[in-house]
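J.: attaching a predicted model along with its sequence, questions to come.
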Amino acid sequence: MTKTAIVTGGTRGIGAAISVALKAAGYKVAANYAGNDDAAKKFTEKTGIATYKWDVSNYEECAAGIAKIETDLGPVSVLVNNAGITRDAMFHKMTPGQWGEVINTNLTGLFNMTHPVWTGMRDRKFGRVINISSINGQKGQAGQANYSAAKAGDIGFTKALAQEGARAGITVNAICPGYIGTEMVRAIDEKVLNERIIPQIPVGRLGEPEEIARCVVFLASDDAGFITGSTLSANGGQYFS
Ligand code: NDP
């Protein structure tokens with residue numbers, strides 16, 4: 001039976017590449033997004049993948065969105081928690097709003113999305129939850145206390161849930177990308193990117209969204225059934241955890 005996969009933030013950047021790769025691997029894919037209707041429309045026109053709009057920081061919206069997808073496409077076997085935002089500021093200038101938005105989206109969003117699919121996965125004795133964390137959750141990053149805290153939290157969440165899901169056939173893993181050439185990263189000043197960021201990456205380039213997508217396809221597959229609670233670093237050698 002064709003499995004259903006949800007990719008949060010699945011219409012742009014890394015998430016779009018994940019949605020496309022999962023579809024190519026034979027999954028029925030639902031791509032969630034927050035508000036950029038234009039990008040979502042173009043994504044569906046290009047890929048044929050259905051999109052669903054809601055905010056992952058809102059539990060009720062997640063539960064309703066997942067229920068709609070399950071009606072449309074069938075029970076969810078694979079959940080990719082990819083949606084994420086940055087609201088960077090040095091800590092002395094960081095506002096409670098910047099802290100809260102990032103924690104609510106990048107960390108609480110994982111609870112909000114995983115909780116509504118968890119019981120179904122347990123009942124069906126199969127599930128794959130793949131959380132897109134970040135190198136900055138592993139090593140910390142100045143100007144990103146909010147983001148680093150949320151992404152480190154994603155890893156703790158992954159490890160705890162992996163223990164709970166193991167006997168029920170559910171694997172839970174995290175992927176920690178380094179700098180990937182999406183809009184989020186290309187928005188960084190070009191001089192900073194070329195003179196400060198790329199020289200720190202031993203392979204000498206940004207990663208491609210498709211390189212993260214291939215990690216997801218592997219972790220979602222039956223071949224990865226013995227891998228759970230792991231953190232897969234995909235960062236061009238920038239940081240060894
Ligand atoms: P993009 O900004 O390119 O895309 C973000 C996607 O997430 C969009 O589809 C956006 O929807 C969606 N989104 C944002 N907030 C919400 C929300 N509250 N609810 C639902 N959807 C939301 O991001 P990237 O592709 O660069 O990043 C994807 C993930 O990878 C993030 O978790 C990020 O932290 C992580 N990451 C990225 C790295 C990089 O170098 N790019 C490095 C390490 C980790 P919409 O289009 O409607 O705005």
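T.: Perfect, I can see it now.
J.: let's check: the centremost residue of this structure is which one?
T.: residue 82 (1.7 Å; Cα atoms, centre = their mean).
J.: assess the claim that that one and residue 12 are in contact.
T.: No: if you go by Cβ atoms under 8 Å, residue 82 and residue 12 don't touch, sitting 10.0 Å apart. For glycine as for every other residue, the C-beta is placed from the backbone atoms N, C-alpha and C.
J.: and the ligand, is the lengthiest strand in the chain touching that?
T.: Identified as the longest strand of the chain according to DSSP state E is strand 170-177. Yes: part of strand 170-177 sits near the ligand under the criterion Cβ under 6 Å from any ligand atom, namely residue 177.
J.: neighbouring strands for that strand, and are they parallel or not?
T.: Next to strand 170-177 in the sheet, as set by DSSP bridges, lie strand 127-132 (parallel), strand 231-234 (parallel).
J.: just how off-centre is that strand within its chain?
T.: Here strand 170-177 is found 9 Å from its chain centre; the criterion is Cα atoms, centre = their mean, to the nearest Å.
J.: again with stretch 9-26
T.: So, by Cα atoms, centre = their mean, the centroid of stretch 9-26 is 11 Å from its chain's centroid.
J.: same question for it, mean pLDDT?
T.: For stretch 9-26, the mean per-residue pLDDT is 98.
J.: that one vs the ligand: in contact?
T.: Yes: applying Cβ under 6 Å from any ligand atom, one finds stretch 9-26 touching the ligand at 9, 11-15.
J.: do the same with stretch 229-241
T.: No: in terms of Cβ under 6 Å from any ligand atom, no part of stretch 229-241 sits within range of the ligand; the closest distance is 8.3 Å.
J.: quick one: mean pLDDT for that stretch?
T.: Mean pLDDT, computed over stretch 229-241, is 96.
J.: quick one, longest helix in the protein?
T.: Criterion DSSP state H: the longest helix present in the chain is helix 145-165.
J.: check which element follows the lowest-mean-pLDDT helix or strand in the chain along the chain.
T.: In the chain, no helix or strand scores lower on mean pLDDT, DSSP states H and E than helix 183-186, which sits at a mean of 82. For helix 183-186, the following helix or strand on the C-terminal side (DSSP states H and E) is helix 190-192.
J.: which helices and strands does that next one pack with?
T.: Using 3 or more Cβ pairs under 8 Å, 6 or more residues apart in numbering; DSSP states H and E, no helix or strand is in contact with helix 190-192.
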